[in-house]
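Q: starting from these lines, generate the structure:
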Amino acid sequence: MDILLIDDEASLRRTLRTTLETMGHAVAEASSGSEALRLLSKQRFDAAFLDLRLGREAGMDVLPALLRDAPDLAVVVVTAYATIASAVEAMRRGAFDYLPKPFTPDDLRVTLERWRQMRRLRREVAELREQVREAYPESDLETVEPVMQQALDLAFQAAASEATVLLRGESGTGKGVLARAMHTRSPRAAGPFVTVHCPSLSAELLESELFGHVKGSFTGAVADTTGKAAAADGGTLFLDEIADLPLTVQPKLLRLVQDKAYERVGETRTRVVDVRILTATNRDLQAETAAGRFREDLYYRLNVIDVELPPLRRRPGDVLPLARRLLRFFGRQSAKPAEAFTPAAEAALARYSWPGNVRELRNAVERGVILAAGREIDLAQLPAPIGSPPPARVEIGGRVTLDALESEHIRRVLAATPSLDEAATVLGIDPSTLYRKRKRYGL
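A: Have a look, this model is predicted:
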């Protein structure tokens, strides 16, 4: 390693330098904090040994300046006047370790080996994060459309706060991707990001999933569990499809949001957890509240900041750039030669209404890459609804079937409304009926 010794006593620096050079390290010396900072501006060091008493200077005051100029530097504080208080203060200010004098060569060797191991682990974590980033590209959030940029600006402005945020939008618009991006841009980025998918479990199991349970609290509870709320301590808890949260669980979530307090299933002890809560839904929570399916007080607690993600059909300028980014990603991932769309395929992608939003586009591009035999993806490699020619426009009173009229009317309403709930309201049907009709007509 390249090591910097910061001590005002030349004899001690010489002794320590000889010991470290014998171990194979390159060593530079500084007799003061200002000299150390000057050396740091010219050379990169892996570690520094900092004496707490530097003549008229206090090493404790030099420590933050060293880390400001070299954030990756491992600073080991050394002193002949060791106290628990000074050790705690040094670690609080960012020191890697604290060595009381006198110390042995073995003490130095152990300290530097610990730093080498920690540095290796940090590199491995960085590599794993890069692999995850490549496996799940965040390009879904890139946009040229003002309506999408406005939603992102609001979300990222809210990310720095502790406010609960409600992300609204149709299925597949990227609410989960945005929630994770908000977490990474928040002060809690170093903490965990934990997701609970509300529709996936019964009320009893969902409560256990969220808050944990004690052994024997219900059939199948063979051991204590901590729950997702505890797992998210210090980070972000993301509740996906919050409209499906059972009414019996909603008061307990309200308490978690308000007081950061909860009890595990089958336990009376109150626990406190430090979490920031984000939620998402593809339904109209206000309508759910009016219908008595969602608590009004919980709705207002969750809806401090409301971010609506527009469907892909309202972001026409994003479709082809996003498709090309996904094509490059899946091409690298599968080592396939496909690197472009034919003009006919691009025209079909731009024309399609994308009822499944970004998720459907991602799946379509992945399918195209897998099926492509050459360097281009054509209509034949895209899913049938996308590659089909556009339907002929129908006229009332013309020689067309009722199904054709209904299909065209639904298509136009979908294109003109910002959400499926609003489209269903315009059509005078409930969202589930609209879902079935979209599926029937391939919309």
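Q: so, low pLDDT: which residues of the chain?
A: 126-127, 129-140, 388-395, 415-416, 418 (pLDDT under 70).
Q: what's near enough to touch the residue sitting nearest the centre point of it?
A: Of all residues in the chain, the one closest to the mean position by C-alpha atoms, centre = their mean is Arg180, 2.3 Å from it. Residues near Arg180 by C-beta atoms under 8 Å, 6 or more residues apart in numbering: Phe193, Phe238. Yep, even glycine has a C-beta here, placed from its N, CA and C like the rest.
Q: over to Gly397?
A: Gly397 makes no contacts at all, as judged by C-beta under 8 Å, 6+ apart.
Q: against Ala28, how distant is it?
A: According to C-beta to C-beta, to the nearest Å, Gly397 and Ala28 sit 90 Å apart.
Q: do Arg411 as well
A: 72 Å.
Q: likewise Ala80?
A: Per C-beta to C-beta, Ala80 is found 22 Å from Ala28.
Q: which one's more surrounded, these two?
A: The neighbour count for Ala80 versus Ala28, taken as other C-beta atoms under 10 Å, is higher for Ala28 (18 against 11).
Q: separation between the nearest residue to Thr79 once chain neighbours are set aside and Gly368?
A: Nearest in space to Thr79, with sequence neighbours left out and distances taken as C-beta to C-beta, 6 or more residues apart in numbering, is Leu52 at 4.1 Å. Leu52 is 64 Å from Gly368, where distance means C-beta to C-beta.
Q: who has more neighbours, those two?
A: Gly368 (28 against 23).
Q: how far does the helix or strand hosting the more buried one sit from the chain's center?
A: In the assignment (DSSP states H and E), Gly368 maps to helix 357-371. Its chain's C-alpha centre and that of helix 357-371 lie 22 Å apart, by C-alpha atoms, centre = their mean, to the nearest Å.
Q: going forward, count from 432.
A: Sounds good: first residue 432 from here, last item helix 788-802.
Q: packing partners of it?
A: With contacts defined as 3 or more C-beta pairs under 8 Å, 6 or more residues apart in numbering; DSSP states H and E, the packing partners of helix 788-802 are helix 747-765, helix 774-782, strand 807-808.
Q: can you give the strand pairings for the helix or strand following the first one, parallel or anti for each?
A: Stepping forward along the backbone from helix 747-765, the first helix or strand reached (DSSP H and E) is strand 771-772. Sheet partners assigned to strand 771-772 using DSSP bridges are listed as strand 807-808 (parallel).
Q: what's in contact with the partner strand?
A: By C-beta under 8 Å, 6+ apart, strand 807-808 touches Leu758, Ala769, Glu770, Ala771, Phe772, Thr773, Ala776, Val796, Gly799, Val800, Leu802.
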